[in-house]
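Trainee: pasting the sequence and the predicted coordinates here, then a few questions.
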Amino acid sequence: MLLGVRWDADQTRPTALGASPRGEAFEHEEAPVNPVICGVDGWDSKSGSAAAVHLARQLARRFQRPVLFVIVIDADTDQTSRKAAGALLRHVTETSSDVEASWTVEEGHPADRLVALAGERAASFLVVGNHGPRSSLLGSISADVSRRAPCPVVVVPPTVTEVEAEYRGGGVEAPGGSA
């Protein structure tokens with residue numbers, strides 16, 4: 001199993017763990033310590049990833065920690081999907097200019113890899129979206145992560161919008177008053 005790899009432009013071989021917003025690659029040993037780790041599962045409204053990304057940025061800013069965005073894929077994931085995962089994470093990282101941000105594409109089971117990364121990096125927080133059947137129930141990945149993670153886990157329900165995540169997570173003043 002490949003751990004914490006960044007795929008090259010052709011998505012044919014792993015080259016490094018992640019990249020900063022400035023495009024600087026770093027190896028595993030140089031990876032951020034005590035980051036806010038954010039699991040990203042697509043970018044549709046059902047995944048909760050957009051709100052989770054915003055909340056992870058807010059936590060990183062508030063606690064002065066780097067943020068590590070993670071997508072976990074299966075080992076047999078096709079090259080097109082690998083490229084799409086990398087492109088999404090590059091975009092998320094590039095738009096996180098107000099915090100130190102990096103990304104990685106991991107192979108394996110999402111809960112296993114997120115929990116392992118949280119332990120390896122001594123994560124400050126682990127942020128995941130939730131797309132369980134109802135906002136009061138956790139999905140299987142978020143429930144598994146919350147039971148096993150070695151750090152506090154923030155589960156962002158699908159009912160939270162990106163704007164609400166900004167207000168709740170960062171103390172940002174809401175339109176017409178404070179949130």
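Mentor: Nice, I can see it.
Trainee: for the protein, what spans make up the helices?
Mentor: Counting by DSSP state H, the chain has helices at residues 49-63, 79-94, 110-120, 140-148, 162-170.
Trainee: so where's this structure shaky on pLDDT?
Mentor: 1-32, 43-47, 131-138, 161-179 (pLDDT under 70).
Trainee: could you measure from residue 49 over to residue 79?
Mentor: 22 Å (CB to CB, to the nearest Å). In this view, the C-beta of every residue, glycine as well, is placed from N, C-alpha and C.
Trainee: so which of these two has more stuff around it?
Mentor: residue 49 (27 against 11; other CB atoms under 10 Å).
Trainee: tell me the contacts of the more buried one?
Mentor: Counting by CB atoms under 8 Å, 6 or more residues apart in numbering, residue 49 touches 39-43, 129.
Trainee: returning to what we had before: including distance to residue 70, could the helices of the chain go into TSV?
Mentor: Listed next are those as TSV, based on distance: least, CB to CB, whole Å:
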stretch	distance to residue 70
helix 49-63	10
helix 79-94	8
helix 110-120	6
helix 140-148	11
helix 162-170	18
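Trainee: which one of these lies nearest to residue 69?
Mentor: Residue 69 lies closest, by CB to CB, to one member of the helices of the chain: helix 79-94, at 5.0 Å.
Trainee: packing partners of the closest one?
Mentor: Judged by 3 or more CB pairs under 8 Å, 6 or more residues apart in numbering; DSSP states H and E, helix 79-94 is in contact with strand 6-7, strand 18-19, strand 67-73, strand 101-107.
Trainee: so which of the ones you listed is nearest residue 139?
Mentor: Closest of the helices and strands packed on helix 79-94 to residue 139 is strand 67-73, at 14.0 Å (criterion: CB to CB).
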